[in-house]
Each structure stands twice: as structure tokens, then as C-alpha cells.
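**Q** model this:
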Amino acid sequence: MDGLNGSVVSEFVLLGLSGSWETRVILTITFSLLYLGIILGNFFVVFLIIVDSHLHSPMYFLLANLSFNDIGVSSTAVPRMITDLLTEHKVISFQSCMTQTCFIHALGGTEMVLLIAMAFDRYVAICKPLHYLTIMKPRTCVLLIVISWVTGGIHAMTQFSFVINLPFCGPNKIDSFCCDFPRIIQLACSDAAEFEFVVAANSGILTIGTFLLLLLSYVFILVTVWKRSSGDLSKALGTLSAHITVVVLFFTPCIFIYMWPFPTSSVDKYMFIVDFTITPALNPLIYTLRNKDIKIATQRLSKWVHYDRFC
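**A** Just a heads-up that it's a prediction; the model follows:
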């Protein structure tokens, strides 16, 4: 069966993570536990924000969407990576490879815009507190979520439209545990230099542009607070520290991968592991351990469960 574009190649071989059988078993257990932590941790954040009325605010509405998106980002690649670790013949069909890649980029683009929305929310809360509820009204929050999903979809479809028409008639081995546009383009039979540039520009500019915009926004917030009252600077920094940590964790691997989108080494697949497993697993911990409202809400939920059990 040919690929979607009539190519001879109908499947790709994912080389994944190599090693002895014992090593792969250990990695399988490790990634399974990490994935379980991602699902439980992020679903807990979403559930807590839904059931606790004290968390029904724009900030936590955006955080719930970020946690839900993290589950999606991780689920695009980690389950398959876990199963492939125990399989000798790691094959993915042409259609499945394209679908996986589109979801990775759509969810990745969505997360970038969500982080911008969260930075904007913090800017309004810290720099314009009297106008916060007027600016960050429910309609605005929903619009920000819609914009994030539309942006992620456009980003993915733009790249997909360039890659889908490339002919694939020879090599079909991808030195990674998941499909990605830069890796797929390398396997095309024709001269794909133009497509390489477009994909690199699309992902690279979106990634580095968003990262710099976020850093500048945080600097602007801190400078504004410092000019207003130097005593409030430490408080503002404490409020933003969780957001800055998440931004650095998410964007560092992305910048490493897409600023050099066609590497000669396989180091980038380890950067993918950070984005797909480490960052989504740490996000709930960062926001839970460093957020007073979340801690109090967790205590209220614990007391309610304990009371309901013994009454």
C-alpha cells in the first residue's frame, strides 16, 4: 500500500533507543512510571481546578488547559516509545507517521501560545490589578484558548502541506522514537532543500520568537514592579518563578532541536525525551509545590475526602 502521496514507501522504521534487553526493560519501567505520573499529575491539576470554586479564575483556567495539553503532548509519542522498547521491529505506517507528526506540532504550537497567554495574564494581574477582571473576563480567556488551538493547527498544517507531496522511494529509517518533519524530509528522494528551509523557518522562528517574547514580557513585568516599588519585586519574582521555570524547561529542548533542524547526530531524540516526558511530568509539581492557592485547595480536597469517608 502506497503512502498518502503515492510514494513507494508505505512505512517507516523507528530506530528508537538502542541497548541491551536489560537496559530496555529498565527504560520501559522508567518511562511507564513517568507517563503514569504525567497522566495522574496533570489530570489532578485539571480536576482540582474544576471542583474547587476558589480556583475559578483566569490564571487557573489557563493552567488547566496547559495541563490538559501536556497530557496530549506526552500521549502523542510516549506510549509508542514504551511499546517499541520491547519490540525488535519498530515500524510505523506512512499515514500514522504523518498523523503523529501533525499532532506533535499542533499540540506543541498550542502550548507555546498558551504560555504567552499565561504571561499576559500575569502581566495584567501584576501591572494592572484594578483592571484585571475587566480585561481577563471569561470571553477573553476562551478567546485566548481558541487562538492557541488555531495557531497550533495552522503551524502543523503549514508544515504538513509541504511534506506530504514529497516523494519517498528509498530509505525509510528514522533515527528517533517518533516521527518529526525534519527527520522525514531527510528521507525524501528529491532535492528538498526549499522544504527544509521552510520547515526550519516555521518551527525555528515560532520557537525562538515565542521564547524571546516570553522572556521580554517577564523582564518588562519585573522592571515595571521594580520602578513602582522595589519591595514588591521579590513578591513578583516569586509569582513568576513557576512560569519562568516551565518556559525554560519547555523551550530549551525545542530551541536545541529546531535551530539546528537537520543534525548529523542523534542527540536531538534525547531532547525530545525531555519535552515529551520530563517537562510534562515536572509541570504539575512546579505549579503545585510553588503555588499557595493550589496547596490550600489540595488541603481542602483532602479534608473533604476524609470527612466524606467517615460520615
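**Q** How many residues are close by Glu11?
**A** When neighbours are counted by other C-beta atoms under 10 Å, Glu11 registers 14. For glycine as for every other residue, the C-beta is placed from the backbone atoms N, C-alpha and C.
**Q** That one contacts Ser93, doesn't it?
**A** Yes. Counting by C-beta atoms under 8 Å, Glu11 touches Ser93, with 5.1 Å between them.
**Q** Please identify which helix or strand holds the most centrally placed residue in the chain.
**A** In the chain, the centroid-proximal residue (C-alpha atoms, centre = their mean) is Gly108; its distance is 4.7 Å. Using DSSP states H and E, Gly108 sits within helix 94-127.
**Q** distance between that helix and the chain's centre?
**A** Here helix 94-127 is found 6 Å from its chain centre; the criterion is C-alpha atoms, centre = their mean, to the nearest Å.
**Q** swap in stretch 59-66?
**A** Distance of stretch 59-66 from the chain centroid (C-alpha atoms, centre = their mean) equals 14 Å.
**Q** all strands of the stretch 1-150 of the chain, in order?
**A** According to DSSP state E, counting those that start in this stretch, the stretch 1-150 of the chain carries its strands in the segments 11-14, 91-93.
**Q** okay, now the closest residue to the residue nearest to the centre of the chain other than its chain neighbours: neighbour count?
**A** Among residues not flanking Gly108 along the chain, Val73 sits closest, at 6.6 Å (C-beta to C-beta, 6 or more residues apart in numbering). Residues near Val73, counting by other C-beta under 10 Å, number 23.
**Q** who touches Val73 in this structure?
**A** Taking C-beta atoms under 8 Å, 6 or more residues apart in numbering, we find Val73 in contact with 104, 107-108, 111, 275-276, 280.
**Q** top of those by neighbour count?
**A** Pro280 leads the contacts of Val73 on contacts (other C-beta under 10 Å) with 30 neighbours.
**Q** Phi and psi next, for that one.
**A** With angles defined as degrees, to the nearest 10, Pro280 sits at phi -60, psi -30.
**Q** ok, it touching Leu36?
**A** No. If you go by C-beta under 8 Å, Pro280 and Leu36 don't touch, sitting 11.7 Å apart.
**Q** how about the nearest residue to Ile104 once chain neighbours are set aside, phi and psi?
**A** Distances taken as C-beta to C-beta, 6+ apart put Thr76 closest to Ile104, at 5.1 Å, once the chain neighbours are dropped. Backbone torsions of Thr76, given as degrees, to the nearest 10, read phi -70, psi -20.
**Q** Next, work out how far apart Thr76 and Ser20 are.
**A** Going from Thr76 to Ser20 by C-beta to C-beta, to the nearest Å gives 27 Å.
**Q** So these two - more neighbours on which side?
**A** Taking other C-beta under 10 Å, Thr76 and Ser20 do not tie; Thr76 has more neighbours (21 against 8).
**Q** Which pLDDT value belongs to that one?
**A** Listed pLDDT for Thr76 reads 93.
**Q** Please name the residues that touch it.
**A** Contacts of Thr76 (C-beta under 8 Å, 6+ apart): 100, 103-104, 107, 178, 276.
**Q** let's see it at 10 Å
**A** By C-beta atoms under 10 Å, 6 or more residues apart in numbering, the contact list for Thr76 reads 99-108, 178-179, 276.
**Q** Repeat that for Pro171.
**A** Applying C-beta under 10 Å, 6+ apart, the residues near Pro171 are 9, 12-13, 186-189.
**Q** Filter the residues you listed down to the buried ones and hand me the PyMOL line.
**A** Here is the PyMOL command that selects the buried residues among the contacts of Pro171 (16 or more other C-beta atoms under 10 Å):
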select buried, resi 9+12+187+188
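**Q** Any chance of the contacts of Pro171 in a markdown table with pLDDT and distance to Tyr123 as columns?
**A** Output for the contacts of Pro171, formatted as a markdown table (pLDDT from 0 to 100; distance: C-beta to C-beta, whole Å):
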| residue | pLDDT | distance to Tyr123 |
| --- | --- | --- |
| Val9 | 73 | 48 |
| Phe12 | 87 | 43 |
| Val13 | 86 | 47 |
| Gln186 | 79 | 40 |
| Leu187 | 82 | 43 |
| Ala188 | 81 | 43 |
| Cys189 | 80 | 49 |
